[in-house]
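> From the sequence below, what's the structure:
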Amino acid sequence: SQLMADDVFNAKLKLLIQNNHDELMSNFFAQCDALALGKTAEEVRKELEAKNMSQEEIDFLVPHKVFSGDRPSSLLLFDGALDAFKTGQILSLFEHRTVTQGFVWNVGSFDQWGVELGKMLGKTIRSQMDACKAEKNEKDKSQHLAQFNGSTQAILEHYCKKSVAQ
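Sure thing, here's the model as predicted:
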């Protein structure tokens with residue numbers, strides 16, 4: 001299976017402990033290398049042999065520590081606060097990538113049947129959510145959400161309670 005990673009991080013934060021930020025950043029950069037380069041069985045074996053592990057331990061660990069690499073990822077490093085402008089830039093980048101992938105793969109990135117299904121389901125959810133919010137009797141509120149799966153019911157009930165309480 002293919003793993004796509006998008007990592008977004010701030011280059012400079014106002015922190016009390018710079019060392020902690022540097023530690024976090026070093027792992028941030030290393031993750032991109034791990035995805036790109038991976039590790040072969042031969043590299044793993046040499047690493048484990050250098051730790052004087054037994055052949056049995058090495059044979060057990062090698063399949064777990066091999067990582068193919070050559071996995072796409074993007075690393076976005078920005079300065080300053082994550083404000084509206086920077087957020088817009090990030091969203092624009094992802095939108096552009098999505099459109100480009102759609103052209104390459106001959107897929108209508110923003111006009112798929114799944115989007116249409118989502119819109120249809122969204123209308124149903126909205127009408128039932130409005131009915132739930134308008135319901136005066138607390139015991140009857142959940143009847144408006146009964147048609148949805150348990151996970152959707154739970155999050156809608158939570159949302160309706162929190163959004164009405166304001």
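> Okay, buried residues for stretch 147-160 please.
If you call a residue buried by 16 or more other CB atoms under 10 Å, then stretch 147-160 has these buried ones: 148, 153, 156-157, 160. C-betas here are computed from N, CA, C, even on glycine.
> Would you map the helices across this protein?
Applying DSSP state H to the chain gives helices spanning 18-37, 41-50, 55-65, 84-105, 113-134, 150-164.
> Which neighbouring elements make contact with the last one?
Helix 150-164 makes packing contacts with helix 113-134 when contacts are defined by 3 or more CB pairs under 8 Å, 6 or more residues apart in numbering; DSSP states H and E.
> Please state the offset of the helix it packs on from the chain centre?
What separates the centre of helix 113-134 from the centre of its chain is 24 Å, taken as CA atoms, centre = their mean, to the nearest Å.
> count of neighbours near residue 35?
Neighbour count for residue 35, taken as other CB atoms under 10 Å: 20.
> Which one, of the helices of the chain, ends up nearest to residue 73?
For the helices of the chain, distance to residue 73 was read as CB to CB. The smallest value, 4.6 Å, belongs to helix 18-37.
> List the beta-bridge partners for the nearest residue to residue 31 once chain neighbours are set aside.
Here the nearest residue to residue 31 in space, its sequence neighbours aside, is residue 7; by CB to CB, 6 or more residues apart in numbering that works out to 6.7 Å. Beta-bridge pairing for residue 7 (DSSP bridges): residue 75.
> hang on, isn't residue 7 packed against residue 74?
Yes. Between residue 7 and residue 74 there is a contact at 7.1 Å, judged by CB atoms under 8 Å.
> show me the contacts for the closest residue in space to residue 74 that isn't next to it in sequence.
Among residues not flanking residue 74 along the chain, residue 6 sits closest, at 5.1 Å (CB to CB, 6+ apart). Taking CB atoms under 8 Å, 6 or more residues apart in numbering as the criterion, residue 6 is in contact with 73-74, 76, 94.
> ditto for residue 159
When contacts are counted by CB under 8 Å, 6+ apart, residue 159 is found next to residue 129.
> Next, give phi and psi for the closest residue to residue 101 other than its chain neighbours.
Leaving aside its chain neighbours, residue 101 sits nearest to residue 109 (6.8 Å; criterion: CB to CB, 6+ apart). Summarising the backbone geometry of residue 109 under the convention degrees, to the nearest 10, its torsions are phi -50, psi -30.
> Which pLDDT value does the model give residue 109?
Predicted confidence (pLDDT) for residue 109: 77.
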